[in-house]
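>>> Turn this into a structure:
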Amino acid sequence: MRKSFTQRNLQNKSFIPYLIGIIFLIAAAIAGISAGSLSIPAGDIIQLFLHKWLGIGTNQIKPMYDSIIMEIRLPRVLLAGFVGASLSMAGAAFQGLLRNPLADPYTLGVSSGASLGAVATIFFSLSIPFLGLYTLPIISIGAAILTMFAVLFFARSVERSMKVETIILTGIIFSSFLGAFISLMIALTGEELRQIIGWLLGSVSMRGWDYVKLIAPCFVIGSVLLLANAKELNVLSYGEEPAQHLGVNVQRRKMMILAAGSILTGGAVAVSGTIGFVGLVVPHFIRLIWGPAHGRLLILSGLFGAGFLILADLAARTVIAPSELPIGVITSLIGAPVFALILMRNRKGGGKRA
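Take a look at the predicted model:
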């Protein structure tokens, strides 16, 4: 009886992290919709959503508020949420697979690959027949996946055992190399210069519902693939050899996880530009607080990553209002010092892997 009560108590407590994550995300979303040049009361926002989505009560808020929320702020908040969740989940997967807290789409060069694909699409005005608006994310995702495989191939050529440090250093090399091509296109560009520069700095401003529709399928596909491989990620985090002995098809699962992370990263970069450190900082802290079990880690990274980027975007548009800062500047100002602290902690701990 006592054991049964303890088990029920633990099961009840297991919902607490998810509850905290959901509350954090909802609070961040309401703050993101409420704040701006025209402040909208949180009560009006809740009333509007209850009426529109649940059919509860009546919509008595001002028509101007309705228009601002539905056409400007809600799509912006949703886009920031999708981008933050995508980058955080991809970072959690890469960190678990490579067994290192310093791994993320930014340090592995995946973001740079996706950025190069997107910049090339803008620079050459590329358009794939029948895809139209989806040309940019598809090329961006393809470039992200190709970059990931190129990093792994090069790392394997340098060192057959493919140590984590070698993969991360290879990712940094590729990131710098691809960055040079991006700089070359910027140097050669004409009218597209402002668009490319603004896009590279990272932003979810003035994107609208079309961009939400672009990232949503990428997020669903990538996150479902990662969650389907959560148990395998738990085993792979102990190393490839133990995973193989336990019956995991290591190569197949690794490719699926890397592809899913690249889809998430490519979709995020395609709609928002380069936003660094989100995939590094959020999963690291979630792992420290609630442990490394990937079934929980991936979901919590998505919830907190979404809330974090919504708040970062809120700061970006209010710190120097009425002007806006690029959201990538805010995440880098927070992420770079945290990256340094993680690196120092890792080294002082004798180079232990997460």
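>>> so what's the most centrally placed residue in the chain up against?
Central residue of the chain (Cα atoms, centre = their mean): residue 87, 1.3 Å from the mean position. If a contact means Cβ atoms under 8 Å, 6 or more residues apart in numbering, then residue 87 has 104-105, 264-265, 268, 275, 278-279, 305, 309 as its contacts. C-betas here are computed from N, CA, C, even on glycine.
>>> host element of it?
Per DSSP states H and E, residue 87 falls inside helix 74-98.
>>> starting at the chain centroid, how far to that helix?
Counting by Cα atoms, centre = their mean, to the nearest Å, helix 74-98 is centred 2 Å from the centre of its parent chain.
>>> next SSE after it?
helix 110-123.
>>> thinking again about what came up before, top of the contacts of residue 87 by neighbour count?
residue 268 (37 neighbours; other Cβ atoms under 10 Å).
>>> for the stretch 251-354 of the chain, which spans come out with low pLDDT?
Where the stretch 251-354 of the chain drops to pLDDT under 70, the residues are 346-354.
>>> can you pull out the helices in it?
Secondary structure of the stretch 251-354 of the chain (DSSP state H, counting those that start in this stretch): helices at 278-290, 294-318, 327-348.
>>> got the buried residues for the longest one?
So that's helix 294-318. Judged by neighbour count using 16 or more other Cβ atoms under 10 Å, the buried positions of helix 294-318 are 294, 296-317.
>>> ok, now the shortest one?
Across helix 278-290, burial judged by 16+ other Cβ under 10 Å covers 278-284, 286-287, 290.
>>> Considering the residues you listed, which is situated nearest to residue 242?
residue 287 (19.5 Å; Cβ to Cβ).
>>> neighbours around residue 38, how many?
Neighbour number of residue 38 under other Cβ under 10 Å is 10.
>>> Now it: closest residue in space, sequence neighbours ignored.
Sequence neighbours aside, residue 68 is the residue nearest to residue 38 in space, at 6.6 Å (criterion: Cβ to Cβ, 6 or more residues apart in numbering).
>>> Could you do residue 141 as well?
residue 266 (3.1 Å).
>>> where does the stretch 51-200 of the chain have low pLDDT?
57-59, 161-162, 164, 190-192.
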